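Chemist: pasting the sequence and the predicted coordinates here, then a few questions.
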Amino acid sequence: MLSWIKRKHGLVLIIILAFLFLAGDGVRIIQFPPRSTHIFRQSDCLAYTKTYYQRNSDFFTPSAYNLIGRGGRVVSEFPILYYLSAKLCRLIGFHYWIIRGLTFLSCIIGLYYLLLCCRLWINDLFLSLFTVVILASTPYYFFYAVNYLPNVPAISFSFVGLYYILLYRQSNALKHLAISTVFFSLSCLLKPTDGGLIWVAYFAPVMMNITTTAKINKKSATLLFTSLITVTLCIISWFLFVKWYNNVNGNNINLQGFYPIWEMSSDEILKTFQLRMFTSDRDIFQHTSILLLLIVFLIIYIVKWKSLDKFLRCLTLWIIIFAVIYSPLWFKAFFIHDYYMLLFAVPAAFLSITVIQWFEKKIFPRLGNRARFAVYGTLAGLMIISIYHNQYIQLQRYGDKSMGVDNPAIYEVEPYLRKIGISETDSVLSVPDGTPNITLSIFGNPGYTSDLFGADTYNPKYCKEHGIKYMIITDANRIHSPIYEPYTSKLIGEYKGIYIYDIR
């Protein structure tokens with residue numbers, strides 16, 4: 001039985017992940033539109049997907065719904081997941097679970113390959129599963145694994161890239177290097193920071209070794225350098241395309257650079273640090289017991305440095321170094337945008353792998369059966385704690401009070417809009433909305449949001465002059481505002497507190 005389980009480690013992982021998914025309320029969550037924390041950013045992702053779906057547009061003409069740029073055209077990360085989701089929706093109909101599901105599928109693939117990486121160093125299946133399960137059940141990792149954002153897929157594909165570059169290190173087989181290069185390129189295109197962390201941590205010492213060693217395998221060095229250049233060119237090419245595309249279309253709303261700590265006041269820095277480390281927000285990282293274990297792992301990593309696997313300890317060190325370098329460059333985002341901190345899950349995972357590998361080689365063989373079962377029991381207990389802590393956080397984040405919109409009827413109104421004659425190509429003014437795409441992506445209509453860049457920036461007068469046909473007010477308090485009331489004479493529909501006007 002035990003030998004069968006060891007051979008079927010992938011199946012064991014899938015069973016655990018299925019339990020994690022069910023315990024984390026995944027069946028309900030995967031069907032949700034953008035909701036809860038960072039609904040702003042989720043809605044941008046939905047907008048890319050839904051415009052691909054509605055317009056059946058070319059891959060290299062991504063668009064959102066807000067018309068602040070020409071025709072809504074704008075781009076940020078490499079939109080492959082949005083494009084594939086849209087194509088699937090055109091085959092089987094539009095469903096939110098397709099978009100969230102593709103993100104989660106990417107996560108599962110990444111976790112499987114992370115387990116394969118662990119198995120290269122750790123023979124015991126249970127010990128190798130521990131890091132993977134803890135990462136999968138880390139609340140903010142799980143939250144974005146069943147979501148719209150590309151951060152977790154970027155990290156996931158970097159695990160695939162790492163596994164195949166490790167196989168290439170053993171076999172020198174060109175196919176392994178080629179697969180690694182493809183997945184590292186994809187992960188970096190999705191998110192250069194999240195997806196690029198493992199890539200740069202692996203190649204930095206390798207290239208340093210190549211350039212400082214007299215005797216090297218020239219063929220292998222050439223191939224590795226070619227892989228490095230290929231990924232680098234992919235990153236640069238996409239960055240230049242994004243810059244050109246957004247400039248041509250007059251929309252530079254998406255952040256493409258740094259968000260550094262030196263743009264913050266000392267008070268803002270202190271508040272950010274306190275929020276993430278000393279309040280309930282700390283729980284999004286992990287349960288306190290897991291965080292304490294991570295501190296123990298760090299102490300062991302430092303104290304037992306010479307006894308650790310040489311390659312693994314160096315890889316982990318470089319991952320930590322680049323994560324530290326990353327911190328001040330994007331620290332300003334940490335106060336609001338916790339997805340900018342997903343990158344820190346990677347050094348935590350590899351610190352765990354490194355110490356567990358040392359434990360298996362140096363300590364585990366000395367233990368008797370009772371002690372081994374005690375270790376297994378402790379790790380199993382920690383995994384269960386992590387899974388149910390994740391459940392607690394997800395239920396909080398996806399509670400109705402954390403929905404992120406004032407009038408939930410917006411999620412039902414799109415069929416009504418079509419029924420009263422507003423087609424998906426008709427432009428609308430959405431009132432109130434201070435984001436580019438939250439309401440517009442739900443309505444499925446291009447247009448403007450009233451409060452983007454400030455209250456009433458895009459008012460009915462401006463919008464009418466720019467060809468907007470309809471005004472949709474989701475908060476009745478705005479109807480009698482002097483700015484909006486003159487344009488409310490032609491009410492063409494009302495749905496659960498949502499008022500639709502013809503302003504032509």
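Modeler: That came in fine, so what should we check first?

Chemist: got a pLDDT number for the nearest residue to residue 70 once chain neighbours are set aside?
Modeler: Nearest non-adjacent residue to residue 70, counting by Cβ to Cβ, 6 or more residues apart in numbering: residue 249, 4.4 Å away. C-beta coordinates here come from the backbone N, C-alpha and C atoms, glycine included. The score at residue 249 is 95. That number is its pLDDT.

Chemist: repeat for the one 5 residues further on
Modeler: The predicted local confidence for residue 254 comes out at a pLDDT of 84.

Chemist: now do the residue nearest to residue 70 against residue 69, distance only.
Modeler: Distance, residue 249 to residue 69, using Cβ to Cβ, to the nearest Å: 4 Å.

Chemist: these two: which is more packed in?
Modeler: residue 69 (21 against 18; other Cβ atoms under 10 Å).

Chemist: tell me the SS of the spatially closest residue to the more buried one that is not a sequence neighbour?
Modeler: Spatial nearest neighbour of residue 69, excluding adjacent residues (Cβ to Cβ, 6+ apart): residue 251 at 2.6 Å. Under the three-state scheme (DSSP: H, G, I helix; E, B strand; the rest coil), residue 251 adopts coil.

Chemist: what is the neighbour count of residue 251?
Modeler: Residue 251 is flanked by 22 other residues according to other Cβ under 10 Å.

Chemist: kindly report the same for residue 93.
Modeler: By the measure other Cβ under 10 Å, the count of residues near residue 93 is 9.

Chemist: tell me the contacts of the residue nearest to residue 70?
Modeler: Neighbouring residues of residue 249 by Cβ atoms under 8 Å, 6 or more residues apart in numbering: 69-71, 73-74.

Chemist: that one and residue 72, how far apart?
Modeler: 8 Å.

Chemist: pull the residues that contact stretch 361-375.
Modeler: Outside stretch 361-375, the residues touching it (Cβ under 8 Å, 6+ apart) are 124, 127, 307, 309.

Chemist: need the distance between the two termini of it.
Modeler: 14 Å (Cα to Cα, to the nearest Å).

Chemist: buried sites along that stretch?
Modeler: Buried residues in stretch 361-375, counted by 16 or more other Cβ atoms under 10 Å: 364, 375.

Chemist: so for that stretch, mean pLDDT?
Modeler: Averaging pLDDT along stretch 361-375 gives 91.

Chemist: can you check stretch 435-453 too?
Modeler: On average, stretch 435-453 scores 95.

Chemist: please export the C-alpha coordinates of that stretch as CSV.
Modeler: The C-alpha trace of stretch 435-453 is given here as CSV (Å, rounded to 0.1, in the frame of the first residue of the first chain):
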residue,chain,number,x,y,z
THR,A,435,-12.6,52.5,-11.1
PRO,A,436,-11.9,51.9,-14.8
ASN,A,437,-13.9,48.7,-15.2
ILE,A,438,-15.8,47.3,-12.2
THR,A,439,-19.3,48.2,-13.3
LEU,A,440,-18.6,48.4,-17.0
SER,A,441,-17.1,44.8,-17.1
ILE,A,442,-20.2,43.5,-15.3
PHE,A,443,-22.6,45.4,-17.6
GLY,A,444,-20.5,44.2,-20.6
ASN,A,445,-20.6,47.7,-22.2
PRO,A,446,-17.9,50.2,-23.2
GLY,A,447,-18.0,53.7,-21.8
TYR,A,448,-16.9,55.9,-18.9
THR,A,449,-17.1,55.6,-15.1
SER,A,450,-18.2,58.9,-13.5
ASP,A,451,-15.6,59.2,-10.7
LEU,A,452,-12.4,57.9,-12.3
PHE,A,453,-9.7,60.4,-11.4
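
Chemist: how far is that stretch from where the chain is centred?
Modeler: Counting by Cα atoms, centre = their mean, to the nearest Å, stretch 435-453 is centred 22 Å from the centre of its parent chain.

Chemist: ditto for stretch 418-434
Modeler: Going by Cα atoms, centre = their mean, the spacing between the C-alpha centre of stretch 418-434 and its chain's C-alpha centre is 29 Å.

Chemist: in it, what's buried?
Modeler: 422, 424, 426-433.

Chemist: can I get those residues in TSV with secondary structure and distance to residue 343?
Modeler: Putting the buried residues of stretch 418-434 into TSV (DSSP: H, G, I helix; E, B strand; the rest coil; distance: Cβ to Cβ, whole Å) gives the following:
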residue	secondary structure	distance to residue 343
422	coil	42
424	coil	37
426	coil	41
427	coil	38
428	strand	37
429	strand	38
430	strand	33
431	strand	37
432	coil	34
433	coil	30
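
Chemist: look up how far residue 70 lies from residue 217.
Modeler: As for residue 217, its distance to residue 70 is 52 Å (criterion: Cβ to Cβ).

Chemist: put the buried members of the contacts of stretch 361-375 into a ChimeraX selection.
Modeler: Buried members of those, defined by 16+ other Cβ under 10 Å, are picked up in ChimeraX with:
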select :124,127
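
Chemist: point out where the stretch 151-300 of the chain drops to low pLDDT.
Modeler: Residue ranges of the stretch 151-300 of the chain with pLDDT under 70: 208-216, 280.

Chemist: please, where are all the helices along it?
Modeler: Secondary structure of the stretch 151-300 of the chain (DSSP state H, counting those that start in this stretch): helices located at 151-171, 174-190, 192-212, 218-248, 266-278, 288-303.

Chemist: any idea which of those helices is most buried?
Modeler: Using mean count of other Cβ atoms under 10 Å, the stretch among the helices of the stretch 151-300 of the chain with the largest mean neighbour count is helix 151-171, at a mean of 24.

Chemist: can you give me how far that one is from the chain middle?
Modeler: Chain-centre distance of helix 151-171: 17 Å, with Cα atoms, centre = their mean.

Chemist: for residue 472, helix, strand, or coil?
Modeler: Assigned by three-state DSSP, the conformation of residue 472 is strand.
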